[in-house]
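A.B. asks: this one's structure only:
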Ligand code: IPM
Ligand code: MG
């Protein structure tokens with residue numbers, strides 16, 4: 001019997017509701033495998049700041065440090081609520097980025113998966129979706145503009161100014177590229193390298209390292225694409241992509257665009273891997289406007305569990321079962337109100353959706 005310690009950080013807004021459904025799924029997996037999941041919940045995010053004076057309290061850090069993996073819900077508050085917290089302690093700057101830095105989670109995987117069962121959520125025309133979309137965005141997560149030097153002040157002419165720098169060294173670039181090449185090698189052997197080397201020196205260095213790493217992956221075809229062009233191609237012909245790799249800020253923006261292609265960021269879980277620890281989180285925000293109503297879909301949270309099962313615990317088959325259970329619920333015509341378009345779906349609540357996933361899962 002293997003025991004895994006999992007830190008659960010429900011977060012803000014819809015976080016606790018969708019986390020409750022993810023826990024149901026974990027219980028099913030535990031009940032039929034030779035594993036025990038030791039679950040420990042901890043405060044993290046905006047509410048944690050109000051309750052404990054810190055969006056990433058020391059006690060939460062200790063729980064995360066001791067955990068084998070971390071499952072994190074969305075964080076963030078409404079614009080009005082955020083303003084009650086000092087800028088540097090707001091949950092994104094005060095909890096999420098420190099979490100990424102603490103565990104050095106440099107590799108962020110965001111699957112953009114639109115099988116037939118959920119194709120009706122996409123705003124794209126059926127002829128563009130074709131047989132479905134199945135790609136994965138690999139985003140560098142602990143470098144670039146997010147973590148570069150920042151300076152805010154008043155210059156010699158008396159004008160307020162800001163200076164934020166985009167910093168990478170070659171090791172930071174190489175390690176994310178190696179992960180992306182490995183993934184491409186296991187999949188369709190096609191890697192889209194997303195950059196902006198016609199303007200940014202950081203992309204020039206990035207592309208030099210691409211050429212160097214490529215030597216070790218002779219079977220992987222590299223397609224170079226400027227980030228702005230990639231935004232267009234994602235809309236016009238998303239089926240051409242399989243694995244895409246890019247730096248932090250490009251990945252932030254293009255992955256949200258990919259959420260738009262799916263019809264909702266609620267359909268995009270993610271994995272953030274570091275050398276020693278990984279955490280798993282939905283790619284979307286905490287949606288304070290619909291919190292507490294039981295209308296949010298738990299797909300991205302349950303999908304994050306599936307990614308953890310596969311990537312942290314090597315339970316590939318159960319991970320696949322979880323994906324298939326969720327897709328089977330959609331294929332039966334069910335949806336939660338947040339995703340539904342045009343009233344075509346049979347609407348159920350967050351917890352009813354979770355229950356249906358659980359009953360499908362139990363049958364596999
Ligand atoms: C994401 C989010 C975060 C980011 C925010 C919440 C800081 O948008 O994970 O994509 O910008 O990385
Ligand atoms: Mg984002």
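C.D. replies: Now that the structure is in, tell me what you want to look at. It should be emphasised that the depicted structure is a prediction, and the values quoted were computed from it without experimental measurement. Numbering: from 1, shown residues only. Ligands and ions are numbered 1, 2, ... in the order given.

A.B. asks: so which bits of this structure are right by ligand 1?
C.D. replies: Residues of the chain lying near ligand 1 by CB under 6 Å from any ligand atom: 92, 96, 252, 283. Every C-beta, even on glycine, is put in place using the N, C-alpha and C of the backbone.

A.B. asks: that's a helix at the third one, yeah?
C.D. replies: By that I understand residue 252. Yes: under DSSP: H, G, I helix; E, B strand; the rest coil, residue 252 falls within a helix.

A.B. asks: once you drop chain neighbours, what's closest to it?
C.D. replies: Among residues not flanking residue 252 along the chain, residue 139 sits closest, at 7.1 Å (CB to CB, 6 or more residues apart in numbering).

A.B. asks: what does the host helix or strand of that neighbour rub up against?
C.D. replies: Taking DSSP states H and E as the definition, one finds residue 139 inside strand 133-140. Strand 133-140 is contacted from outside by 106-115, 122, 168, 172-173, 176, 179-180, 183, 187, 238-239, 241-248, 250-252, 254-255, 258, 261-262, using CB atoms under 8 Å, 6 or more residues apart in numbering.

A.B. asks: C-terminal to that strand, what's the next element?
C.D. replies: Assignment by DSSP H and E places the next element after strand 133-140 at strand 150-154.

A.B. asks: tell me which strands and helices that next one is in contact with?
C.D. replies: strand 160-164 (3 or more CB pairs under 8 Å, 6 or more residues apart in numbering; DSSP states H and E).

A.B. asks: report the buried residues of the helix or strand just after the strand it packs on.
C.D. replies: Where DSSP H and E defines the elements, the next helix or strand beyond strand 160-164 is helix 170-186. Residues of helix 170-186 classed as buried by neighbour count (16 or more other CB atoms under 10 Å): 172-177, 179-185.

A.B. asks: kindly report the same for stretch 250-270.
C.D. replies: Quick answer for stretch 250-270 (16+ other CB under 10 Å): 250-252, 254-255, 258-259, 261-270.

A.B. asks: in which helix or strand does the residue of the chain most remote from its centre reside?
C.D. replies: The C-alpha centroid of the chain is most remote from residue 157, which lies 42.5 Å away (CA atoms, centre = their mean). Assessed by DSSP H and E, residue 157 sits outside every helix and strand.

A.B. asks: one step back: burial count for the residue nearest to residue 252?
C.D. replies: 28 (other CB atoms under 10 Å).

A.B. asks: for residue 71, list each beta-bridge partner.
C.D. replies: Counting by DSSP bridges, residue 71 is bridged to residue 8, residue 280.

A.B. asks: that one: what's it in contact with?
C.D. replies: Contacts of residue 71 by CB under 8 Å, 6+ apart are 6-9, 19, 22, 279-281, 301, 304-305, 308.

A.B. asks: quick one: average pLDDT of whichever strand or helix holds residue 29?
C.D. replies: Using DSSP H and E, residue 29 sits within helix 15-31. The average pLDDT within helix 15-31 is 98.

A.B. asks: give the buried residues for that helix.
C.D. replies: Neighbour-count burial for helix 15-31 flags 15-26, 28-29 (criterion: 16+ other CB under 10 Å).

A.B. asks: likewise stretch 310-327?
C.D. replies: With burial defined by 16+ other CB under 10 Å, the residues of stretch 310-327 counted as buried are 310-313, 315, 318-319, 321-327.

A.B. asks: returning to that earlier point: report pLDDT for the residue farthest from the centre of the chain.
C.D. replies: So residue 157 comes in at 98 (pLDDT).

A.B. asks: what does the one 10 residues further on give?
C.D. replies: You'll see residue 167 listed with a pLDDT of 97.

A.B. asks: and the gap between it and residue 272?
C.D. replies: As defined by CB to CB, to the nearest Å, residue 167 lies at a distance of 20 Å from residue 272.

A.B. asks: between these two, which one's more packed in?
C.D. replies: Remark: of residue 167 and residue 272, residue 272 carries more neighbours, 27 against 14, as counted by other CB under 10 Å.

A.B. asks: mean confidence score for the helix or strand the more buried one falls within?
C.D. replies: Assigned by DSSP H and E, residue 272 falls within strand 269-273. Strand 269-273 comes out with an average pLDDT of 98.

A.B. asks: burial count for the residue in the chain that ligand 1 sits nearest to?
C.D. replies: The nearest approach of the chain to ligand 1 comes at residue 92, 3.9 Å away (CB to the nearest ligand atom). For residue 92, the count of nearby residues is 16 (other CB under 10 Å).
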